[in-house]
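Participant: Okay, sequence plus prediction incoming.
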Amino acid sequence: MRQVYCFLPLLLSVIFSCSKKAEPTQSITKPDLLLVFYKTSGFYHTSIPAGIRAIQQLGQSNNFRVDTTNNAARFQLDSLRKYKAVVFLSTTQDVLNPAQQQAFEQYIRLGRGFVGVHAATDTEYEWPWYNGLVGAYFNGHPKVQQATVRVTDNKHPATSFLPAQWVRTDEWYNFRNLATDLRVLATLDETTYTGGTNGANHPIAWCHSYDGGRAFYTALGHTDESYQEPLFLRHLLGGITYAIGK
């Protein structure tokens, strides 16, 4: 019996030592989740698949996971709350019913983020809350052509790396019902193309805090080629980063 008592402390020491080695040395950070929503009830942009692929690749390179859907039934609070942000990728016209709209409002009030790309402003004209979130409504456009984007805020992750005058080709939107609280990140120089109607202060990318959450919008992204442009992809990534809350 005396031998057993002498051996017991040694046995406990070995067990304790093994259990300590089994403990992880550091926690594993799960990637943030992003939902890309691309339902259309009006015009369908053929660049949507290119946009989805581009955002998926951005996620792979920047530690966020991307889910995609054009099914509005996903807009239930229990389904949405796992996502840090939702991207409306060239959505058009009426895409959510009243119950889905209410779920999305609740989602944003949880402190989550929204990213609107291109035709996201051509969406939900009868939903005033959404007008406030996205920041404006679409009001027509001229033909695709080259124009100059002028960076007005180089402190934001979506614009900090851009040249002060960014010359590129896209479909340039005009806007109405512009919100008054927008942090305008870039404007469009209407003297460099034909068909602009917003004048000297023509916002083309912006962000703001809204109803407890964060919203970023860029009017760029009509063409397939946009989603192969390094500067545009960094611009989009910066908007996603802001919306996620990084």
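Facilitator: Yep, that arrived.
Participant: thought L77 was touching Q106?
Facilitator: Yes: counting by Cβ atoms under 8 Å, Q106 is a contact partner of L77 at 5.2 Å. Bear in mind the C-beta positions are built from the backbone N, C-alpha and C, glycine included.
Participant: These two - which one has more neighbours?
Facilitator: More crowded of L77 and Q106, by other Cβ atoms under 10 Å: Q106, with 16 against 13.
Participant: Moving along the chain from the helix or strand containing that one, name the first helix or strand you hit.
Facilitator: Element membership of Q106 [criterion: DSSP states H and E] is helix 98-109. Downstream of helix 98-109, the first helix or strand assigned by DSSP H and E is strand 113-117.
Participant: List of residues touching the helix or strand that that following strand is followed by?
Facilitator: The helix or strand immediately downstream of strand 113-117 is helix 128-134, counting by DSSP H and E. Helix 128-134 is contacted by residues 88, 101, 105, 108, 114, 116, 120-121, 123-125, 137, 177, 179, 210-211, 215, 217 when judged by Cβ atoms under 8 Å, 6 or more residues apart in numbering.
Participant: Can you turn the buried part of these into a PyMOL selection?
Facilitator: The following PyMOL command selects only the buried members of the contacts of helix 128-134, with burial defined by 16 or more other Cβ atoms under 10 Å:
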select buried, resi 88+101+105+108+114+116+120+121+123+124+137+179+210+215+217
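Participant: about what we covered before: and the helix holding Q106, how far out from the chain middle?
Facilitator: Relative to the chain's own centre, helix 98-109 is displaced by 17 Å; criterion: Cα atoms, centre = their mean, to the nearest Å.
Participant: which residues does E190 contact?
Facilitator: So E190 contacts G196, N198, G199, A200, H202 (Cβ under 8 Å, 6+ apart).
Participant: looking at it, the first one is touching L188, isn't it?
Facilitator: In other words, G196. Yes: the pair G196 / L188 is scored as a contact, 6.4 Å apart, by Cβ under 8 Å.
Participant: Now do the shared contacts for these two.
Facilitator: By the contact definition Cβ under 8 Å, 6+ apart, G196 and L188 are jointly contacted by W172, H202.
Participant: Just give the number of residues close to F138.
Facilitator: 20.
Participant: Hmm, I typed the wrong one, I wanted L133.
Facilitator: For L133, using other Cβ under 10 Å, the count is 23.
Participant: The closest residue to Q165 other than its chain neighbours and L80: what is the separation?
Facilitator: Spatial nearest neighbour of Q165, chain neighbours left out: T148 (5.3 Å); criterion: Cβ to Cβ, 6 or more residues apart in numbering. Noted for T148: a distance of 38 Å to L80, by Cβ to Cβ, to the nearest Å.
Participant: low-scoring pLDDT stretches of this structure, where are they?
Facilitator: 1-28 (pLDDT under 70).
Participant: what bridges to the most centrally placed residue in the chain?
Facilitator: Central residue of the chain (Cα atoms, centre = their mean): V115, 3.3 Å from the mean position. In this structure, V115 bridges to V87, F216 when assessed by DSSP bridges.
Participant: all helices of the chain, in order?
Facilitator: 2-22, 48-62, 77-80, 98-109, 128-134, 230-244 (DSSP state H).
Participant: right, so of the ones you listed, which gets closest to P142?
Facilitator: Evaluated with Cβ to Cβ, the helices of the chain place helix 230-244 nearest to P142, the distance being 19.6 Å.
Participant: any idea of the angle that closest one forms with helix 48-62?
Facilitator: Interaxial angle of helix 230-244 relative to helix 48-62 (axes from the mean of the first three to the mean of the last three Cα atoms, to 10 degrees): 70 degrees.
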